[in-house]
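Q: Sequence below, structure please.
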Amino acid sequence: MNLEEGKLKFIETWGNLAGSWGVTKTMAQIHALLLISTKPLCTDQVIAELDISRGNANMNLRELIDWELVSRIAIDGDRKEYFEAEKDIWEVFRKIAVQRKKRELEPVVIALDELANVEAGCHESDAFCKMVKDLKLISCRADAVLEQITKKESSWLVNGLVRLTK
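A: Residues are numbered from 1 along each chain as shown. Predicted structure coming up:
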């Protein structure tokens, strides 16, 4: 496989993983393109590389900036906006975890808090309340784990995984 084939395969694979972290395929493909690019790219270059519309490119670049996975870069003497992806993979993982926690887990915990107020009193309501309580416990534990992971340095995770494999 040559470099161009490898790049295309990486972009395709990263795009296919998009559903796993709650974003569109195009957003993930733009992120992949910027991850493997050795220099910042302008919107026109992103459009040309991925054969997408300007509106799609602009919308997804803004979203990647919101996720803090991509930064705007100014190049002296050029009026175009350029974009560059965070290259530290631990930081990429951490930022994705932070966003997923904020967008997915925290709303579930809030909803479960509201559901915990269902009046008990019969077999069905008792079973419902128990299920909500169990789900909230698991959600809060997952939230705590993600909170710890996102605050730690990459060496913490690597050292922990090495200890597990011994």
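
Q: In three-state terms, label K80 for me.
A: On the three-state scheme (DSSP: H, G, I helix; E, B strand; the rest coil), K80 is labelled coil.

Q: Is there a neighbour count for it? I'd like the number.
A: K80 is flanked by 12 other residues according to other C-beta atoms under 10 Å. For every residue, glycine as well, the C-beta is placed using N, CA and C.

Q: from memory it sits against T43, does it?
A: Yes - taking C-beta atoms under 8 Å as the definition, K80 is a contact partner of T43 at 7.3 Å.

Q: Run through the strands of this protein in chain order.
A: Along the chain, the stretches classed as strands by DSSP state E are 41-42, 70-73, 82-85.

Q: So which elements touch the shortest one?
A: Packed against strand 41-42, as judged by 3 or more C-beta pairs under 8 Å, 6 or more residues apart in numbering; DSSP states H and E, are the following elements: strand 82-85.

Q: Centre of the chain to the strand it packs on, how far?
A: 17 Å (C-alpha atoms, centre = their mean, to the nearest Å).

Q: same question, stretch 126-142
A: With C-alpha atoms, centre = their mean, you get 25 Å for stretch 126-142.

Q: Tell me the buried residues in that stretch?
A: By 16 or more other C-beta atoms under 10 Å, the buried positions in stretch 126-142 come out as C129, V132, L135, K136, S139.

Q: Okay then, goodbye and thanks.
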